[in-house]
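**Q** Okay, predicted coordinates and the sequence, questions at the end:
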Amino acid sequence: MEKLPDKKGYFGQYGGRFVPETLMPALIELETAYLSSKKNKDFQKQLAYLQKTYIGRPTSLYFAERFTGHIGGAKIYLKREDLAHTGAHKINNALGQALLAKKMGKKRLIAETGAGQHGVATATGAALVGLQCDIYMGSVDMQRQALNVFRMRLLGARVIEVNTGSKTLKDAINESLRDWTTNVRTTHYVLGTVFGPHPFPMMVRDFQSVIGKEARKQILSAEGRLPDYLIACVGGGSNAMGLFNEFLNDDIEMIGVEAGGRGIETGEHAARFAGGSIGVFQGCKTYLLQDEDGNVLGTHSVSAGLDYASIGPEHPYLRDIGRIQYTYATDDEALSAFELLSRTEGIIPALESAHAIAEAIKLAPKLSKDKIIIVNLSGRGDKDVQEVARIKGIKL
Amino acid sequence: MNRIEETFMALKKQNKKAFIPYIMAGDPNLEKTIEYVRLLEKCGADIVELGVPFTDPLADGPTIQRAAERALKAGVTLKKVIALVKDLRQYTRIPIVLMTYYNPVFRYGEERFVRDAVSAGIDGVITPDLPPDEAAGLIRLSRVAGLDTIFLLAPTSTDNRIKKVAGASTGFIYYVSVTGITGSSLLIDDELYTSINRIKALTKKPVCVGFGVSTPEDAISISKVSDGVIIGSAIVKKIVEGSEEGLKDFLINIRGAIR
């Protein structure tokens, strides 16, 4: 496949750089700095060293034998990003960007967060390299992810409550962009997913592609061949791109799982491909849940990390060319997957990752026992335990 | 020659600078917006900037965010704002520019937008999240139809960016006075003057300055070095306060300060 994005940051018709002029020079500077760091041996050596000694990479590829036995059908492997330092794949990107920001001479990091995992990862990166850190988080998300709010504060970050709009991830991104516009000379914005203006979708994908690089080696060593299916949940879409990117040229089916919320027909979901259309939002042209006048619609998902009206621009491109299929899992399906994996494997997945598990539960029984599925277990579920108890009506 | 060009020519002859007030269309409703535009003109506005509400106004501070929320609640859309300008044309010839985020225009369709805007009597369009790098289509369509495309420059803009933005802009160039969002506090210092002079050395097009301008004192300092003063948040605040007299006095004071 052709190497994308192009020079203007486009994946086919998606992507680009739709931001206020104030940020344009910063994005051009960031692109230059990133491309030079990619070729810089010292930078790459430092990144590889920290991935190994600090994040604990490579994360394992684990054959979920009891889970496979329980559902029947294809063999299910889990790429254990939940075992990465801070408990999710988000650290792969946050650490890379923190190192880059330090190298660019920035004094401060800011980030948005939904589930809190990217906020925790950025606060961690800031602590590691010695930068000031502010995290924007919607007040609705602060409630349902209270544990992560406290973790960020422990790590020395300030958590700024966002009370505008729907008080969730998209509003936290708006506030981060406003902050960045104001403090662009001293501050780097650590965007947490393969979204926003160029070069973010490319850079975040590249930092996350370590997931797929490892998984490829690991499955070849475990099974002597490549898998038949890859499954990942898709909010902005960084853990999915991280896994899929290394396999795009192989004959493997890839499935991205969006948040079906309370069901597509209810309108309370975050399934951009099931209910959205092309729009321009928060820096790029991509799929968006919007009304006929171009205003952005409210979303719902049990998982804060998937509760977002838009999706990274490389995804609709890969969907258009038929390379990746997209489906969704509802809140209820994700919650039962959350419980089933916990009981059969002793692994509590993040509610985001539970959407990918839910798809594996649907797919595996339709396949023969010699087929292989890799599911990206993008994060661990400790952060969600309180929220799941609340949903089930259990007082802790 | 179009209305915006005419306005700057006439101002130049009288050795005056432009007063460009901004209000959010449909805040609190569209009927009131008609009254406000007529009041702005009466109080000496040279060009009126009409905001189009959007759910995610990432270049705006709290004052205009809340104005957009009120307008959206009142059911205001880009289509209705275009129709509003058509109505307004019964009463006034004052140049009107829309300030709209790009997605409503994209969704409306660029071609249809340019055609409908021009036929309604809209003179120009400002899209804060659409840099000229992404605006080739809109620029081409607008040139043919005679709609001005006003792009923004910022304190962070390099000489290359200044040339690019100046080349793509017609009517005037919008200089954002601070690194920040609308309604930020303005710092009038040598850097501001140096930046404006740097732009004026690279282009002959009128340069108007906005973001954070809120007092007659600000207006005096800024009009000295620019071709016009844009005031948004401060006027939106006066509208929210609800005293028509208060609004009128404020506008007249600002107009008097712009020289």
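**A** Good, I have the coordinates.

**Q** what's the distance between residue A:313 and chain B?
**A** Using Cβ to the nearest Cβ, to the nearest Å, one gets 13 Å for the distance from residue A:313 to chain B. All C-beta atoms are positioned from the backbone trio N, CA, C, and that covers glycine.

**Q** Tell me, how many residues neighbour residue A:25?
**A** Neighbouring residues of residue A:25 were enumerated by other Cβ atoms under 10 Å in any protein chain shown; the total is 18.

**Q** Do you know the pLDDT at it?
**A** Confidence per residue is given as pLDDT, and for residue A:25 that number is 94.

**Q** what helix or strand is it on?
**A** Using DSSP states H and E, the element containing residue A:25 is helix A:24-39.

**Q** Which secondary structure elements does the next helix or strand after that helix sit against?
**A** Secondary structure here is assigned by DSSP H and E; on that basis, the next helix or strand after helix A:24-39 toward the C-terminus is helix A:41-50. Packing contacts for helix A:41-50, counted by 3 or more Cβ pairs under 8 Å, 6 or more residues apart in numbering or on different chains; DSSP states H and E, involve helix A:24-39, helix A:90-103.

**Q** quick one: average confidence on helix A:41-50?
**A** Predicted confidence along helix A:41-50 averages 98 (mean pLDDT).

**Q** Of all the residues in that helix, which ones are buried?
**A** Within helix A:41-50, the residues that qualify as buried by neighbour count (16 or more other Cβ atoms under 10 Å in any protein chain shown) are A:43, A:47, A:50.

**Q** can you list contacts of that helix?
**A** Outside helix A:41-50, the residues within contact range by Cβ atoms under 8 Å, 6 or more residues apart in numbering or on different chains are A:37, A:38, A:95, A:96, A:99, A:100, A:103, A:128.

**Q** which one of those has the most neighbours?
**A** Scoring the contacts of helix A:41-50 on neighbours with other Cβ under 10 Å, the highest-scoring entry is residue A:95 at 26 neighbours.

**Q** How about the contacts made by that residue?
**A** Contacts of residue A:95 (Cβ under 8 Å, 6+ apart): A:47, A:50, A:51, A:54, A:55, A:121, A:124, A:125, A:128, A:207.

**Q** still on that earlier bit, of all the contacts of helix A:41-50, which comes closest to chain B?
**A** Taking Cβ to the nearest Cβ as the measure, residue A:100 is the one of these closest to chain B, at 19.1 Å.

**Q** which ones are touching the closest one?
**A** Contacts of residue A:100 were listed using Cβ under 8 Å, 6+ apart, and they are A:30, A:33, A:34, A:37, A:43, A:188.

**Q** Make a markdown table from these and add distance to residue B:42 to it.
**A** A markdown table is the format used below for those (distance: Cβ to Cβ, whole Å):
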| residue | distance to residue B:42 |
| --- | --- |
| A:30 | 47 |
| A:33 | 52 |
| A:34 | 53 |
| A:37 | 58 |
| A:43 | 61 |
| A:188 | 48 |
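
**Q** residues in chain A within reach of chain B, list them.
**A** Applying Cβ under 8 Å from any Cβ of the partner chain, we find that chain A lies next to chain B at A:8, A:16-26, A:164-165, A:170-171, A:174, A:177-178, A:181-185, A:279-283, A:285, A:288, A:290, A:292-296.

**Q** from the stretch 251-396 of chain A, which residue is nearest to chain B?
**A** Taking Cβ to the nearest Cβ, the stretch 251-396 of chain A has residue A:294 as its residue nearest chain B, at 3.3 Å.

**Q** ok, residue B:178 to residue B:60 distance?
**A** 13 Å (Cβ to Cβ, to the nearest Å).

**Q** Which one's more surrounded, the two?
**A** A side-by-side neighbour count of residue B:178 and residue B:60, using other Cβ under 10 Å, places residue B:60 first with 26 against 20.

**Q** Quick check: buried residues in the lengthiest strand in chain A?
**A** Scanning chain A for the strand with the most residues, using DSSP state E, yields strand A:253-261. Neighbour counts using 16+ other Cβ under 10 Å place A:254, A:255, A:256, A:257, A:258, A:259, A:260, A:261 of strand A:253-261 among the buried residues.

**Q** Which helix or strand contains residue B:22?
**A** Going by DSSP H and E, residue B:22 is part of strand B:18-24.

**Q** Give the buried residues for the helix or strand following that strand.
**A** For strand B:18-24, the following helix or strand on the C-terminal side (DSSP H and E) is helix B:30-42. Taking 16+ other Cβ under 10 Å as the neighbour-count basis, helix B:30-42 is seen to contain the buried residues B:30, B:33, B:34, B:36, B:37, B:39, B:40, B:41.

**Q** contacting residues for the closest residue to residue A:351 other than its chain neighbours?
**A** Take residue A:351 and drop its neighbours on the chain: the residue closest to it by Cβ to Cβ, 6 or more residues apart in numbering or on different chains is residue A:303, 3.8 Å away. Listed by Cβ under 8 Å, 6+ apart, the contact partners of residue A:303 are A:115, A:233, A:235, A:259, A:334, A:350, A:351, A:352, A:354, A:355, A:384.

**Q** and the spatially most central residue of chain A, what does it touch?
**A** Nearest to the geometric centre of chain A sits residue A:238, at 3.7 Å (Cα atoms, centre = their mean). For residue A:238, the contacting residues are A:89, A:90, A:93, A:192, A:193, A:194, A:204, A:205, A:208, A:312, taking Cβ under 8 Å, 6+ apart as the criterion.

**Q** which residues sit in contact with the nearest residue to it once chain neighbours are set aside?
**A** On the basis of Cβ to Cβ, 6+ apart, the spatially nearest residue to residue A:238 that is not a chain neighbour turns out to be residue A:193, at 4.3 Å. With contacts defined as Cβ under 8 Å, 6+ apart, the neighbours of residue A:193 are A:118, A:204, A:235, A:236, A:237, A:238, A:312.

**Q** Dump those into TSV; add pLDDT and distance to residue B:198 as well.
**A** Shown next, in TSV, are the contacts of residue A:193 (pLDDT from 0 to 100; distance: Cβ to Cβ, whole Å):
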residue	pLDDT	distance to residue B:198
A:118	97	38
A:204	98	35
A:235	96	42
A:236	96	38
A:237	98	41
A:238	98	39
A:312	98	37
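
**Q** Closest one to residue A:367 out of those residues, please.
**A** Looking at the contacts of residue A:193 and their distance to residue A:367, the nearest is residue A:237, at 24.6 Å (Cβ to Cβ).

**Q** distance between the ends of stretch A:367-383?
**A** For stretch A:367-383, the first-to-last residue distance is 33 Å (Cα to Cα, to the nearest Å).

**Q** just stretch A:3-10 next, same as before
**A** Between the opening and closing residues of stretch A:3-10 lies a distance of 11 Å (Cα to Cα).

**Q** how about it: buried residues?
**A** Buried residues in stretch A:3-10 (16+ other Cβ under 10 Å): A:4, A:5, A:9, A:10.

**Q** Identify the residues contacting the third one.
**A** Read that as residue A:9. A:15, A:16, A:17, A:197, A:198, A:199, A:201, A:202, A:284.

**Q** of all the buried residues of helix B:30-42, which comes closest to residue B:20?
**A** Looking at those and their distance to residue B:20, the nearest is residue B:40, at 9.6 Å (Cβ to Cβ).

**Q** one step back: filter the residues of chain A next to chain B down to the ones in strands?
**A** Counting by DSSP E, the residues of chain A next to chain B place A:279, A:280, A:281, A:285, A:288 in strands.

**Q** and the residue nearest to residue A:238, how far is that from residue A:200?
**A** Separation of residue A:193 from residue A:200 (Cβ to Cβ): 8 Å.

**Q** and the angle for the one helix or strand residue B:67 maps to with strand B:18-24?
**A** Using DSSP H and E, residue B:67 maps to helix B:62-73. Compare the direction of helix B:62-73 with that of strand B:18-24 by axes from the mean of the first three to the mean of the last three Cα atoms, to 10 degrees and you get 50 degrees.

**Q** Could you list which residues are in contact with the residue of the stretch 1-150 of chain A found nearest chain B?
**A** Sorted by distance to chain B under Cβ to the nearest Cβ, the residues of the stretch 1-150 of chain A start with residue A:22, at 3.9 Å. Applying Cβ under 8 Å, 6+ apart to residue A:22 gives the contacts A:181, A:184, B:154, B:155, B:156, B:176, B:179, B:180.
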